[in-house]
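**Q** Need coordinates for the following:
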Amino acid sequence: MSTTDATAAPNGTTGTAAAPGSTAATPPPAPGGPKAARKLAAVVVGLAAAITLMLCAFGLPSAHGGPHHAPLGVTGPRQAVTAVQKQLPDAQWDVKTYENAHALTQAIHDRDVVGGLALGAQGVDVYTASAGGQQISTAISGLGTGLAAQQHVRATTHEVVGYGADDPHGTGLASLALPLMFSGILPVLILTPLAPGPARLRARFGGIVAFAFVAAAGVTGMLHFGTGTVDGGYGTTWLGLALGMLALGLPFLGLQSLFGQRGFLCLTVVMMFFGNPLSALATGPYWLPDGWSAFGQLLPIGASGSLLRANAFFGGTGAGGPLVVLGVWAAAGLAMVLVALRRRPPVRG
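**A** The predicted structure follows:
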């Protein structure tokens, strides 16, 4: 009686023995290959595009920086005022005339103009508001000096609304963009592993709110007592910064809760590439091109800077627009958190 030779497979089954020189199983594909090369190329091109976009976001507004339709007050003899209006480019300066220097300085306090010139036979008086934008104030001073040189008279500069005495150039305010941006990113990143999962979303929400008020108190204290950028109004400055941090932190938390890390990273890119360079914290919004400036003021960092200027230096004048922008961002973030809570109810017990 004949028998059939069989070989035992590792799993206990039997099968026909492999012929000599043949391969028992298909070998795994070798590493690399066209697919891996295409993926690597896509990553390289994507990173290069991101760096280029970052350079455009940071570099283009600065390269094209300068007065853009900045409202400038002018007072003096009608003939001299008319001559100045014809001399100044319309794309740079929006000239408004006033009866006297007192009306001009009041317009600066009311934020109707960013500064002004009082023309007279004895000289040119230059009125600036560095707290509204250091570069714009410097440009107005240059205008006054140039006009005085043409008339062979003296130019005298008067600071109407300035920074604190210990920080006359507003260094503290100019350096606020990155801390504000990270006040939205870092709490979400740190609280997520400490209170992970949908069940702990309420805890993360409470941590974001608490962080905003505590961090805003520290930042306000630094601006008041550390750098001396702000002289008074601690309470309003603190509350305004807290709202700005909530307008950043809550959308980050909401997007992460609904869409995971992809939503979080998308908002990070927007804030890093656009929110930071277009905030106009160092320059004031009139120094950026019109479109860039308007977009920057619709983002939380730019709106937070404008609200800080209004509360700290102009007695709240001009705070309405930034308050609306920050309120919308904070409300949108809160709405996303509430939707995430309804989708994924917390686990009890």
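**Q** Residues touching stretch 119-128, excluding its own?
**A** Stretch 119-128 is contacted from outside by 73-77, 80-81, 84, 101, 104-105, 108, 115-118, 137, 140-141, 143-145, 147-148, 151, 153-160, 162, using CB atoms under 8 Å, 6 or more residues apart in numbering. Where C-beta positions appear, they are placed from N, C-alpha and C, glycine not excepted.
**Q** distance between the ends of that stretch?
**A** With CA to CA, to the nearest Å as the measure, stretch 119-128 spans 15 Å from end to end.
**Q** buried sites along it?
**A** Neighbour-count burial for stretch 119-128 flags 119, 123-128 (criterion: 16 or more other CB atoms under 10 Å).
**Q** From those residues, which land in strands?
**A** 119, 123-128 (DSSP state E).
**Q** Same list (these) but as a markdown table, adding distance to G221.
**A** Putting these into a markdown table (distance: CB to CB, whole Å) gives the following:
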| residue | distance to G221 |
| --- | --- |
| L119 | 43 |
| G123 | 42 |
| V124 | 40 |
| D125 | 37 |
| V126 | 34 |
| Y127 | 32 |
| T128 | 28 |
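**Q** in stretch 157-171, what counts as buried?
**A** The neighbour-count check on stretch 157-171 (16+ other CB under 10 Å) flags 159-164, 167, 170-171 as buried.
**Q** Same list (the ones in strands among the buried residues of stretch 119-128) but as TSV, adding pLDDT and distance to L248.
**A** Formatted as TSV, these follow (pLDDT from 0 to 100; distance: CB to CB, whole Å):
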residue	pLDDT	distance to L248
L119	93	45
G123	91	47
V124	94	43
D125	95	41
V126	96	37
Y127	96	35
T128	96	31
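**Q** Return the member of those residues nearest to S306.
**A** Nearest to S306 out of these is T128 (CB to CB; 18.5 Å).
**Q** beta partners for that closest one?
**A** G115, E159 (DSSP bridges).
**Q** still on that earlier bit, in ChimeraX, select just the buried ones from the contacts of stretch 119-128.
**A** Buried residues among the contacts of stretch 119-128 (16+ other CB under 10 Å), as a ChimeraX selection:
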select :73,74,75,76,80,81,84,101,104,105,108,115,116,117,118,137,140,141,143,144,147,148,155,159,160,162
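**Q** Widest-spaced pair of the buried residues of stretch 157-171?
**A** Across these, the longest distance by CB to CB is 20.1 Å; it joins V160 and T171.
**Q** what about the helices in the stretch 51-200 of the chain?
**A** 78-87, 101-109, 134-151, 171-174, 177-194 (DSSP state H, counting those that start in this stretch).
**Q** Output the contacting helices and strands for the third one.
**A** So that's helix 134-151. Judged by 3 or more CB pairs under 8 Å, 6 or more residues apart in numbering; DSSP states H and E, the packing partners of helix 134-151 are strand 70-75, strand 115-120, strand 123-128, strand 154-159.
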